[in-house]
Structure formats: C-alpha cells, structure tokens
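1. The following comprises the amino acid sequence and a computationally predicted model.
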Amino acid sequence: MKKVYLLALSFVTSCALSDWQTVAVDEYVTVQLPEQPKLVDVSGMPFPSPATRQVATSPSVRVLSAKDKSGVYGIIVNSEALPIDLKRPIEPDSFYNQGIRNVLQREHSTLLARSTFLTPAGKGVEVKFSSRPSSTNQVLIQHLRTILVGRASYTFSFLAHDDNAASATAQRRRFFDSITVKP
C-alpha cells in the first residue's frame, strides 16, 4: 500500500511540475512560466534607467506577465539599459544599486533582503522589498531578480497572492531558478 501511495504521489508531483513551459524572452534569455506570458502595453509609460537616470522610451522596453494561483510573474526587458556612447563603462554594481534605489523610491518601499547570483553573463542581484500601496493599505512583499546582458537589463518579478504560503515560495524559486542566460 505504501508503494502505491508513493507512486501516486510521485505521478501527481511530476504532473504538477511539468505544466510549466520554457519561454524564450529573446535570443539571450529563457525562463519557465506557469503559462504563456502576455505582452503588456507600456506605450507612454516612463522607465527610469539606472545607468543614465534618464527615462527610457517604451519602444526599448517590453513587459511580459503571467499568473497562476500562487502569484503574478513579470519580466521587464530594457534593450537600451546601457547607452552605447558612455565615456566610462558603468559597473554592474552601480547599475544595480541605482535600480534598487529607483524601485524603493517609486514604490515607497522598504528593502528587506538583497543577494547576488551568478550567470554565464555575469553577476545579477535579487531583492525582496515591502510596500504599502495607498489604494489597498495592505503590505505587499515583492521579489525581483535583475541581470545585465550586454546593453540590456532583464528584471524578473514575483508578487505572491499570499507571501507566507509555502507554495508561493516554491513557485518563486522555480521561476527564478529557471532563468538561463547566454553571454
């Protein structure tokens, strides 16, 4: 009986894990998502660049979004995050620090955690922050992972429906850990 239970549990677990799909964000980055992402219309929306502190134009920015019962998954790609004509190259740490400051100011947030991770294209940064939007007056916990690849920046976000749920943590880890980058 125990073998049958373990076999059934293994089958259910493998089915639940296999429903995610690998999505090519572009020729450099892939990630797994619980559904095919939708392209979000960001025309006219400002995107401050941590590199230049200027606002990026929306044609250089693409936003993809997917969701499931655990949360909302977002991908922001800024193909012109680093300008070509800089006299001095920007260090990734400087870019990440300014990006984090931008997010915290824009979202009126508090930084809860920060760590780095490595990819074949170099070091990236992962942050966790809390915010309290005036529209809901509810504390939201958001997780971001950002990586620079060439001139482009890729920001992956996860906002859980219930941040304390173990399933939300597992889904976020699965999303973040599935990011693959070609240098």
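-> Received it, and whenever you're ready, just let me know what you need. Numbering: from 1, shown residues only.
2. thinking L159 is in contact with D68, fair?
-> No: judged on CB atoms under 8 Å, L159 makes no contact with D68 at a distance of 11.9 Å. To be clear about C-beta, it is placed using only N, CA and C from the backbone, and glycine gets the same treatment.
3. which of the two has more neighbours?
-> L159 (18 against 15; other CB atoms under 10 Å).
4. Next, work out how far apart the more buried one and F95 are.
-> L159 sits 23 Å away from F95, going by CB to CB, to the nearest Å.
5. cool, and A152?
-> Look at A152 and F95: by CB to CB, they are 12 Å apart.
6. outside of stretch 105-123, which residues touch it?
-> Stretch 105-123 has contacts (CB atoms under 8 Å, 6 or more residues apart in numbering) with 28, 48, 92-93, 100, 103-104, 124-132, 141-142, 145, 147-150, 179-183.
7. Stretch 174-183 too?
-> So stretch 174-183 is contacted by 17, 20, 22, 27-33, 73, 119-122, 126, 143, 145, 147, 149, 154, 156, 158 (CB under 8 Å, 6+ apart).
8. Provide a list of residues in contact with T22.
-> Taking CB under 8 Å, 6+ apart, one finds 30-32, 178 in contact with T22.
9. Drop anything exposed from these.
-> Burial by neighbour count, 16 or more other CB atoms under 10 Å: within the contacts of T22 this picks out 31-32.
10. so what's S167 scoring on pLDDT?
-> pLDDT for S167: 84.
11. Now for it, how many residues are close by?
-> 14.
12. what helix or strand does it sit in?
-> helix 166-177 (DSSP states H and E).
13. Go through that helix and flag the buried ones.
-> Applying a neighbour-count criterion of 16+ other CB under 10 Å, the buried positions in helix 166-177 are 168, 171-172, 174-176.
14. so the residue nearest the centre of the chain, which of the three states?
-> A centroid search over the chain (CA atoms, centre = their mean) returns F156, at 1.0 Å, as the residue closest to the centre. The local conformation at F156, judged by DSSP: H, G, I helix; E, B strand; the rest coil, is strand.
15. wait, what's in contact with it?
-> Counting by CB under 8 Å, 6+ apart, F156 has contacts 31, 73-75, 144-146, 175-176, 179.
16. and those, which are buried?
-> For the contacts of F156, buried by 16+ other CB under 10 Å: 31, 73-75, 144-146, 175-176, 179.
17. Many thanks, I have nothing further to ask.
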